[in-house]
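Enquirer: Sequence first, then the predicted structure, then my questions.
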Amino acid sequence: MTGDSREAFSFAAARTAGVYTLVRRREDGRVDHAGTSGNDHALCGITGIDVYRQPFDPNVRNVCPECREEAARTPPEPVVSIQERLHEMLEPAEGPLRDELRRLLRAGAHVGPWTGGHAQTLAEGVVFDRIIEGADAIRKALAAAASIELIRVKGGGRNFLVVVPRGGSPAVAVQRPDPDQSPETRDEA
Ligand SMILES: [Zn+2]
């Protein structure tokens, strides 16, 4: 609808190959196992693991044979783009702003900064005077949980603010651009 030349963007094209994460037994760190960062066990089933910030490499000498086999049999999930992730998160939200934003995300809108943490702390960074549409929803979402995610999106010539309360429904607002911020966050993607 905005007619800018972004048709090339698609969720499918923006996906990248996933990897398993290196995990090791806390008791005995000599063997490399494969895991996923959100999980408390390796593919072979062992628990009591530490998760490393490195991909699992099935070709090292000290690899767990079961994890190697299982990783080969079930390749890891592809990594979705930040746009697709937010699009998913907005699924339970409601209203025309949510629909507008989801449409822009499908066209590759610029997402970021994306921060998570305590609602009270992050709420301090929300300037309600700048919000043009959706202020009430944002207020409600900020009060809905102790922990939230705060996401800014630029697309279709508008500045969006998204608040996702943990376990709750996300809220979408539109705000005027931040006057103290130089227009550095132009889309470099
Ligand atoms: Zn293993």
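Expert: Yep, that arrived.

Enquirer: Run through the strands of the chain in chain order.
Expert: All strands of the chain, identified by DSSP state E, fall at 21-25, 33-35, 49-55, 110-118, 131-133, 147-155, 158-165, 171-175.

Enquirer: Same list (those strands) but as CSV, adding distance to the ion, mean pLDDT and mean neighbour count.
Expert: Glycine gets a C-beta too; all of them are placed from N, C-alpha and C. Shown next, in CSV, are the strands of the chain (distance: least, CB to the ion, whole Å; pLDDT from 0 to 100; neighbours: other CB atoms under 10 Å):
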stretch, distance to the ion, mean pLDDT, mean neighbour count
strand 21-25, 8, 96, 21
strand 33-35, 3, 96, 25
strand 49-55, 9, 94, 13
strand 110-118, 30, 96, 14
strand 131-133, 49, 97, 16
strand 147-155, 32, 97, 20
strand 158-165, 34, 97, 23
strand 171-175, 42, 97, 24
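
Enquirer: want to throw the ones you listed into TSV with distance to residue 84?
Expert: TSV is the format used below for these (distance: least, CB to CB, whole Å):
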stretch	distance to residue 84
strand 21-25	20
strand 33-35	23
strand 49-55	21
strand 110-118	10
strand 131-133	24
strand 147-155	13
strand 158-165	14
strand 171-175	17
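
Enquirer: Can you pull the residues of the protein lying near the ion?
Expert: Selection of the chain residues close to the ion by CB under 5 Å from the ion yields 33, 42, 44, 64, 67.

Enquirer: got a winner among those residues for most neighbours?
Expert: Tallying neighbours with other CB atoms under 10 Å puts residue 42 at the head of these, with 29 neighbours.

Enquirer: and the nearest residue to that residue once chain neighbours are set aside, what does it touch?
Expert: Among residues not flanking residue 42 along the chain, residue 33 sits closest, at 3.6 Å (CB to CB, 6 or more residues apart in numbering). Residue 33 makes contacts with 22-25, 42-44, 46, 49, 56, 64, 67, as judged by CB atoms under 8 Å, 6 or more residues apart in numbering.

Enquirer: could you redo the last one with a cut-off of 10 Å?
Expert: Contacts for residue 33 (CB atoms under 10 Å, 6 or more residues apart in numbering) come out as 20-25, 41-46, 49, 56, 63-64, 66-68, 70-71.
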